[in-house]
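Asks: Prediction below, plus the sequence it came from.
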Amino acid sequence: SVVTLVVIGSAISKISGTMAELRAMNEETSRRRREVRLYLASQAVSYELVTRIMRFVDYKLEKVSANNMDTSLISPTLQLELYVNQRADYLIQMPIFALAQECYPEIFGSICAAFTKNFYEKGEPVFTAGSYATALHLTYVGKYEYAQEDQAPVMLEGIRWFGELSLYVDPVWHSSTLTPTSFAETFCLRGEDLVACIQVNRGCTGMFCEYAKDFLAGMQKTKSKFGDDDQKKQSEVCCKQNQHFQAAYPDPTTLFPNIVVCGERFSGEMVEDGDADPSSKGRPSSKSNQSQRTVLSRLSAFARIQREAAVETLEDQGLGEFVQRWMNTDQEDVNFDLPGELPGVIPELDKTYGAHAVFSQAPERDRGESACISVLALVRNRYDIFTQPQADNVKLLESQWLELQQIVSWIEPEPEEVHAVLVLLAIRGLGKSKAVIQQVSHDHRRPERAVIYLSQYHKNVVPSTRWLTEKGTELFEGALLTHELFNLAQMLQGENCPGNVKE
């Protein structure tokens, strides 16, 4: 019938139109493919190479055609959102980029757009061991053979990143080889492109500079210096150390109100058996000539409730008495175990529960303890204690020791002054902790002023400052303020000028 003919004709017309659109869509691809084949034919290329090239051309044309779009048709903002939608899931596998997305989403969009896409055929190395690392490589399509020096190759697939160190320093070398075992695609980012993205925002620039500084310092401490595994470990560690991360995700165990570092003799009276978490119970530390003292650090909900009571009932750990005995006992009767006794009278130095342990500052704790032992050895003229850990080839000469003793004799330190010096040396390193700096007021965000802030407003964190005399407190704070203007170590390195001495 006439109606049937009309329906059939309409269907045929639509099919013809669709076929024409498909031919138009494939015409450009076919033209480009044909040009490559004609060029290869004119160059007398071997059949095997022609096959490999055409397979790669087909793969790349398919990928490019599927994702090709005229970006001039949409606004720059929409372009960035499109890049974020396409690439964010890959980039946030790296901790620093995940943090950037959280804190600076606009800059993260620019970083997504700055990545370039690379295509590789089977057997074509992405990078080789010993070659310069000029960019960050992020794999997301294909399978790869990953070979480290002196290790058997392993197969990798999925999202991996390599060469992050190249974003922050030049030159850097690859310590491994990455070779695709199939057609593969990677994202690539160069250091200069990252700088172009972040330099428009001061806060983001500061975040990346802090991260890069910590990242480079961490890599310098590793055995490999450039190893991919070490870079991934340092990436996570340094990101968590970043002030932006700590502000966004504060660790409750390092918040000042949650910390109590104090003596333990009263703790059994504060908590009945079974009421507190086992981890909050005190631990024996060292014995003085009068009583056994221990150190307590509670980092739980119970600590928050009991902190004020704990600080108010806190007992003197006996540092002043210890200094008196050390300085006034006859030389032949002095037989102290300084490394064992100091944590008992200076609870901040305890290896497990002290303030340095709370803020994960084991190296600063060790330096503080060493400095305290050195001062005690100086004031009692104990050359044997001072040089005990020193190797024979670097041991302090006796003539040098005599010069130091002349300085000590000139100073004529009193027990009250030595007490203040020991407290200063024990807790000074806390001012370097980012977790501490993050919590103090803005006008105290320098290491020396941060320690003063703790001593004035958070004695639960630095309880040793509680038992300083008025003179000792003045000496303690005065030394820190002086050190802020004039650093003796910097003078020895030629970094201070005469004007600093005048100040």
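Replies: Structure's in. What do you need?

Asks: Not counting sequence-adjacent ones, nearest residue to the residue most central in space within the chain?
Replies: Geometric centre of the chain, nearest residue: residue 238, 1.6 Å, by Cα atoms, centre = their mean. Closest residue to residue 238 apart from its sequence neighbours, by Cβ to Cβ, 6 or more residues apart in numbering: residue 214 at 4.1 Å. For glycine as for every other residue, the C-beta is placed from the backbone atoms N, C-alpha and C.

Asks: so the one you found is in which element?
Replies: Residue 214 belongs to helix 202-220 when elements are defined using DSSP states H and E.

Asks: So what's the gap between that helix and the chain middle?
Replies: Relative to its parent chain, helix 202-220 has a centroid offset of 8 Å by Cα atoms, centre = their mean, to the nearest Å.

Asks: So for it, what gets flagged as buried?
Replies: Residues 204, 205, 207, 208, 210, 211, 212, 214, 215, 218, 219 are the ones in helix 202-220 that count as buried (16 or more other Cβ atoms under 10 Å).

Asks: Following element in sequence after the helix or strand where residue 402 lies, please.
Replies: Using DSSP H and E, residue 402 maps to helix 398-411. Remark: after helix 398-411, the chain's next helix or strand is helix 415-427, criterion DSSP H and E.

Asks: Show me what that following helix is in contact with.
Replies: By Cβ atoms under 8 Å, 6 or more residues apart in numbering, the residues outside helix 415-427 that reach it are 319-320, 323-324, 327-328, 342, 346, 348-349, 355, 368-369, 371-372, 375-376, 379, 413, 451, 454-455, 462, 464-465, 468-469, 471-473, 475-476, 479-480.

Asks: Kindly write the PyMOL command that selects the buried subset of those.
Replies: Buried subset of the contacts of helix 415-427, written as a PyMOL selection, criterion 16+ other Cβ under 10 Å:
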select buried, resi 319+320+323+327+342+346+348+349+355+368+369+371+372+375+376+379+413+451+454+455+462+464+465+468+472+473+475+476+479+480
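
Asks: Counting only helices, which of the contacts of helix 415-427 make the cut?
Replies: 319-320, 323-324, 327-328, 342, 355, 368-369, 371-372, 375-376, 379, 451, 454-455, 471-473, 475-476, 479-480 (DSSP state H).

Asks: who's in contact with residue 454?
Replies: Going by Cβ under 8 Å, 6+ apart, residue 454 touches 256, 427, 430, 436, 440, 461, 462, 465.

Asks: and the second one, how many residues sit next to it?
Replies: By the criterion of other Cβ atoms under 10 Å, residue 427 has 27 neighbours.

Asks: ok, it to residue 210 distance?
Replies: Distance, residue 427 to residue 210, using Cβ to Cβ, to the nearest Å: 24 Å.

Asks: Would you agree residue 477 is in contact with residue 455?
Replies: Yes - counting by Cβ atoms under 8 Å, residue 477 does reach residue 455; the two are 7.4 Å apart.

Asks: Give me the distance between the two termini of stretch 185-194.
Replies: 20 Å (Cα to Cα, to the nearest Å).

Asks: Check the offset of that stretch from the chain's centre.
Replies: Put simply, stretch 185-194 sits 22 Å off its chain's centre (Cα atoms, centre = their mean).

Asks: buried residues in that stretch?
Replies: Buried residues in stretch 185-194, counted by 16+ other Cβ under 10 Å: 185, 186, 187, 188, 189, 190, 191, 193, 194.

Asks: Quick one: list the elements packing against the helix or strand where the last one lies.
Replies: So that's residue 194. Here residue 194, judged by DSSP H and E, is contained in helix 191-198. If you count contacts as 3 or more Cβ pairs under 8 Å, 6 or more residues apart in numbering; DSSP states H and E, helix 191-198 packs onto helix 105-114, helix 202-220.

Asks: Which residues are in contact with residue 186?
Replies: Residues in contact with residue 186 (Cβ under 8 Å, 6+ apart) are 117, 118, 120, 126, 137, 138, 139, 140, 141.

Asks: Count residues in the vicinity of the last one, would you?
Replies: Applying other Cβ under 10 Å, we find 19 residues neighbouring residue 141.

Asks: doesn't residue 160 make contact with it?
Replies: No - taking contacts as Cβ under 8 Å, residue 141 lies outside contact range of residue 160: 11.6 Å.

Asks: which residue packs closest to residue 128, ignoring adjacent ones?
Replies: For residue 128, ignoring the flanking residues on the chain, the nearest one in space by Cβ to Cβ, 6+ apart is residue 177 at 4.7 Å.

Asks: and the host helix or strand of residue 28, what other elements does it pack with?
Replies: Taking DSSP H and E as the definition, residue 28 sits inside helix 2-42. Here helix 2-42 touches helix 47-67, going by 3+ Cβ pairs under 8 Å, 6+ apart.

Asks: Just the terminal-to-terminal distance for stretch 91-108.
Replies: Start-to-end span of stretch 91-108 (Cα to Cα) is 9 Å.

Asks: where's the closest residue to residue 132 other than its chain neighbours relative to residue 223, distance?
Replies: Nearest non-adjacent residue to residue 132, counting by Cβ to Cβ, 6+ apart: residue 171, 5.7 Å away. From residue 171 over to residue 223 the distance is 20 Å, taken as Cβ to Cβ.

Asks: same question, residue 369
Replies: Look at residue 369 and residue 223: by Cβ to Cβ, they are 27 Å apart.

Asks: what pLDDT does residue 484 get?
Replies: pLDDT for residue 484: 85.

Asks: so what does the strand or helix carrying it touch, helix or strand wise?
Replies: Assigned by DSSP H and E, residue 484 belongs to helix 470-485. Counting contacts by 3+ Cβ pairs under 8 Å, 6+ apart, helix 470-485 packs against helix 415-427, helix 447-457.

Asks: Measure how far whatever helix or strand comes next after it is from the centre of its chain, please.
Replies: Next along the chain after helix 470-485, taking DSSP H and E as the criterion, comes helix 488-492. Remark: helix 488-492 is offset 27 Å from the chain centroid, using Cα atoms, centre = their mean.

Asks: go on, stretch 447-461?
Replies: Its chain's C-alpha centre and that of stretch 447-461 lie 23 Å apart, by Cα atoms, centre = their mean.
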